[in-house]
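# Fold the following, please.
(one chain, ligands or ions: 1)
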Amino acid sequence: MAQIIDGKKASAKLLSQVAGDVIEFKAKHGITPGLAVVLVGDDPASQVYVRNKVQRAEQVGIRSIEHRLDANVSQAELNALVDELNANPDVHGILVQLPLPGHLDEDRIVDAIAPSKDVDGFHSLNVAALATGKPGLVPCTPQGSMTMLSETLGDLTGLHAVVIGRSNIVGKPMAALLLQANCTVTMVHSRTRDIASVCRQADILVAAVGVPKLVKADWVKPGATVIDVGINVEIIDGARKLFGDVDFASVSEVAGAITPVPGGVGPMTIANLLANTLQAAESQMPV
Ligand code: NAD
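Below you'll find the predicted structure:
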């Protein structure tokens, strides 16, 4: 039976570190770090994510400012809000909850955020910084996954990591971070031929797909470390249940270590968002 990588425990550790650093920041600079969270429309999952982010921010001493906009808001109105937040010295981090309604251009909005306030790490300049190994704000989910990997495995040098999924927000930045950690990295996706046999070569298998229980036991090398990023909601007997992209019951019989869903990558994502907010605030202070 695999070791369960406890994301709640790892995130509690990081949150308490951030809370301590926020106290120091306030003492040093006499101001409170501020995170602006922008939610457009009333997507139920986005509402839950935003509520959790705002609550956790308050818990570590970061002031959060929530902006809720109507689903019909125009591109110009949303851009104007982002410009206002960019110019506001009390706001150190800006997060626009994705996905946005279809009539809005997500890329344009993300690139309108000042790179120094882009706590999601999705701005083109932060993406370029990650790709070229320069300092910048790194996307929260891959960053949290890396922390859990290094806490579980120590040095990752030379390990073969396979990432399933090539999205800009998880798969690609995850691959970049694994490469920086000296892994041999393979990316697989919906067009990959014989995905199971590629995955079976992995010492580290990261699933970021959005297909419940896609990864089966025979995709996993015995003893491998499995990071399940997927969050898939299913209604079973009227109750809302969360499933990852990994078939936990069978894969945990084969893997050496595995993150559960819920209680794995999810909590680490929020903790890293707040760590990024503090990093952003530090970078905006006069030297
Ligand atoms: P996405 O839809 O943008 O990308 C999914 C990727 O999976 C694509 O690159 C696609 O090629 C690949 N894919 C799709 N079907 C496939 C298949 N059958 N076989 C192999 N590859 C396939 O999704 P995303 O934004 O990267 O999110 C992935 C999952 O992670 C979702 O379940 C999402 O909810 C979850 N997520 C969780 C967190 C967290 O905090 N834990 C954060 C972000 C995303």
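# Could you list every helix and strand in contact with the helix or strand A128 falls within?
According to DSSP states H and E, A128 maps onto helix 124-131. Helices and strands touching helix 124-131, as assessed by 3 or more C-beta pairs under 8 Å, 6 or more residues apart in numbering; DSSP states H and E, comprise helix 171-180. Using the backbone N, CA and C atoms, a C-beta is placed for each residue, glycine as well.
# Whichever strand or helix holds K8 and the ligand in contact?
Using DSSP H and E, K8 falls within helix 7-29. No. Among the residues of helix 7-29, none lie within reach of the ligand under C-beta under 6 Å from any ligand atom; the closest is 8.7 Å away.
# Mind listing what's buried along that helix?
Residues G7, A10, S11, L14, L15, V18, D21, V22, F25 are the ones in helix 7-29 that count as buried (16 or more other C-beta atoms under 10 Å).
# Now do the most centrally placed residue in the chain, the pLDDT please.
Nearest to the mean C-alpha position of the chain, counting by C-alpha atoms, centre = their mean, stands T141 at 1.9 Å. Looking at T141, its pLDDT reads 98.
# partners of the helix or strand that the helix holding K8 is followed by in the sheet?
Per DSSP H and E, the first helix or strand lying C-terminal to helix 7-29 is strand 34-40. Using DSSP bridges, the strands paired with strand 34-40 are strand 63-69 (parallel), strand 93-96 (parallel).
# Give me the next element, helix or strand, following the longest one.
I take that to be strand 63-69. Counting by DSSP H and E, what follows strand 63-69 is helix 75-87.
# do the same with the last one
The C-terminal neighbour of strand 93-96 among helices and strands, as given by DSSP H and E, is helix 106-112.
# Check whether that next one comes near the ligand.
No. Using C-beta under 6 Å from any ligand atom, helix 106-112 never reaches the ligand; the gap is at least 11.3 Å.
# What average pLDDT does that helix get?
On average, helix 106-112 scores 98.
# helices or strands next to that helix in the packing?
Under the contact criterion of 3+ C-beta pairs under 8 Å, 6+ apart, helix 106-112 touches helix 75-87.
# from what I can see V265 touches V226, true?
No. Using C-beta atoms under 8 Å, V265 is not in contact with V226; the gap is 11.1 Å.
# Overlap in contacts, the two.
Shared contacts of V265 and V226, defined by C-beta atoms under 8 Å, 6 or more residues apart in numbering, are found at T259.
# Just give the closest residue to A57, not the sequence neighbours.
For A57, ignoring the flanking residues on the chain, the nearest one in space by C-beta to C-beta, 6 or more residues apart in numbering is S64 at 4.0 Å.
# Thanks a lot, catch you later.
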